[in-house]
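Undergrad: no sequence for this one, just the structure:
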């Protein structure tokens, strides 16, 4: 039968779930399979906690490292940009290969190894005193972070029941949002109390706790062992995920521009504490993650994504037009809500379009588009700010969101309704 989104569904679970007639399934696998029917099982909780802790370390370093470079090492701002950019470049480079490696070597081993390397690389910052070494460390951490995000998201989809996939991805993404909010506070607090060395050591400690949670996640045996697949350039991306990922890339251009210039815009219009935009923004994202998943699972992506892209089309000009605190903070929560819907919705779309064997490639395709969209958005916003104004960035963002909405309605939605396979 079909659900309201047009996807084929079935009241019978695939072999992933417990089947008493299946004599070949071990008792441990049966326990895992029974547990996986419930979304809030210990595997999902452990994985979400692991993601939250790793995001704390990630965003703590983003807030602390530039200050460390300038105040402790007396580095020029151009070198600060180089060190920080090395992380993003490495993540973009590794993402396409991560999906293939997940299928080739198995989910669990690849994930744990990346978590281990990422966590212990923090100790390298204690001894590093040159920009070259710091850049190398950030590049290596960027490689492992790219693997961690792809692996964690793929495993999350594996252990979320298909009928709750949208809701589950929303809650898993909420742990990233919470890490984004808490991480800078934790990083700066540790630096204030114990100095930069304490911060770097704490990164390893928090990372190891996150790794312990991740190691406690149990997966069905078919996901623990790799598949005999040969490397092909075409296997790095999932063909069914390319169009939705390009759609996400278009919308994420606006996010890159917002991150880069909203604080400067706040100062320009006289907002006393413009960095508070991100706190209100995070609240909007959190609200959206709680709501959007259940709506997606019940009605599909059509209405919720159309409404939220329309909200963005209205909210970006509102940010540019109403140059006071009310307009600034109101647009923060509405833009946060809209952006908060976009990524988990597209992530659910690509995972519903791919079977279990191609989830790694599907997620790597999506995350690559996310990184490229944000990077492109930062570059475009810088050009607009230099030659026109910061306000013009937000008007352009509204036009870009309109293009994203049209692409979604014309190219993505119908194809999704025809081809989605949420019970896989």
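TA: That came through, no problem. Keep in mind that this is a model prediction, so the values were computed, not measured.
Undergrad: Surely residue 150 is in a helix?
TA: Yes - counting by DSSP: H, G, I helix; E, B strand; the rest coil, residue 150 is found in a helix.
Undergrad: Can you check what pLDDT the model gives it?
TA: Looking at residue 150, its pLDDT is 85.
Undergrad: Kindly provide the distance from it to residue 363.
TA: Distance of residue 150 to residue 363, given as Cβ to Cβ, to the nearest Å: 5 Å. Every residue, glycine included, has its C-beta placed from N, CA and C.
Undergrad: next one: residue 420
TA: According to Cβ to Cβ, residue 420 and residue 363 sit 16 Å apart.
Undergrad: Look at those two and report which has more neighbours.
TA: For residue 420 versus residue 363, the count of surrounding residues by other Cβ atoms under 10 Å is larger for residue 363: 30 against 25.
Undergrad: In which helix or strand does the more buried one reside?
TA: helix 359-387 (DSSP states H and E).
Undergrad: who touches both of residue 150 and residue 363?
TA: Common neighbours of residue 150 and residue 363, counting by Cβ atoms under 8 Å, 6 or more residues apart in numbering, are residue 99.
Undergrad: in the stretch 201-350 of the chain, which spans are strands?
TA: Using DSSP state E, counting those that start in this stretch, the stretch 201-350 of the chain contains no strands.
Undergrad: wait, what's in contact with residue 339?
TA: Contacts for residue 339 (Cβ under 8 Å, 6+ apart) come out as 255, 281, 284-285, 288, 312.
Undergrad: Which of these sits closest to residue 90?
TA: Closest approach to residue 90 among these (Cβ to Cβ): residue 255, at 20.2 Å.
Undergrad: That closest one: neighbouring residues, count only.
TA: 20.
Undergrad: how near is it to residue 204?
TA: 30 Å.
Undergrad: hmm, back to that, export the contacts of residue 339 to JSON lines and append columns for pLDDT and distance to residue 194.
TA: Shown next, in JSON lines, are these (pLDDT from 0 to 100; distance: Cβ to Cβ, whole Å):
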{"residue": "255", "pLDDT": "87", "distance to residue 194": "33"}
{"residue": "281", "pLDDT": "87", "distance to residue 194": "29"}
{"residue": "284", "pLDDT": "90", "distance to residue 194": "33"}
{"residue": "285", "pLDDT": "87", "distance to residue 194": "30"}
{"residue": "288", "pLDDT": "85", "distance to residue 194": "36"}
{"residue": "312", "pLDDT": "96", "distance to residue 194": "41"}
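Undergrad: so which two of the residues you listed are the farthest from each other?
TA: Pairwise distances across the contacts of residue 339 (Cβ to Cβ) peak at 13.6 Å, for the pair 255 and 288.
Undergrad: quick one: least confident helix or strand in this structure?
TA: Among the helices and strands of the chain, helix 27-35 carries the lowest confidence by mean pLDDT, DSSP states H and E, at a mean of 48.
Undergrad: Next SSE downstream of it?
TA: Toward the C-terminus, helix 27-35 is succeeded by helix 42-67 as the next helix or strand (DSSP H and E).
Undergrad: just checking, what packs against the very next helix or strand once past that next one?
TA: Next helix or strand after helix 42-67 toward the C-terminus (DSSP H and E): helix 77-105. Here helix 77-105 touches helix 42-67, helix 107-120, helix 131-159, helix 359-387, going by 3 or more Cβ pairs under 8 Å, 6 or more residues apart in numbering; DSSP states H and E.
Undergrad: Please list all residues in contact with the nearest residue to residue 153 once chain neighbours are set aside.
TA: Closest residue in space to residue 153, ignoring its immediate chain neighbours: residue 363 at 5.0 Å, by Cβ to Cβ, 6 or more residues apart in numbering. Residue 363 sits next to 99, 150, 153-154, 157, 347, 350-351 when contact means Cβ under 8 Å, 6+ apart.
Undergrad: In PyMOL, select just the buried ones from those residues.
TA: Only the buried entries of the contacts of residue 363 go into this PyMOL selection, using 16 or more other Cβ atoms under 10 Å:
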select buried, resi 99+150+153+154+157+347+350+351
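Undergrad: Now the two most distant members of the contacts of residue 363.
TA: Using Cβ to Cβ, the contacts of residue 363 span at most 13.4 Å, a distance reached by 99 and 347.
Undergrad: how about stretch 116-133: buried residues?
TA: Of the residues in stretch 116-133, 116-119, 121-122, 124-125, 128, 131 count as buried by neighbour count, 16+ other Cβ under 10 Å.
Undergrad: Domain-wise, how is this structure divided?
TA: Residue ranges for the domains of the chain, per automatic domain parsing: 39-230, 237-424.
Undergrad: Rounded mean pLDDT for stretch 401-409, please.
TA: Stretch 401-409 carries an average pLDDT of 95.
Undergrad: Helices of the stretch 201-350 of the chain, residue ranges please.
TA: 221-224, 242-268, 276-299, 302-321, 325-353 (DSSP state H, counting those that start in this stretch).
Undergrad: Quick one: these as CSV, columns for distance to residue 413 too.
TA: Compiled in CSV, the helices of the stretch 201-350 of the chain are given as follows (distance: least, Cβ to Cβ, whole Å):
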stretch, distance to residue 413
helix 221-224, 30
helix 242-268, 10
helix 276-299, 12
helix 302-321, 5
helix 325-353, 9
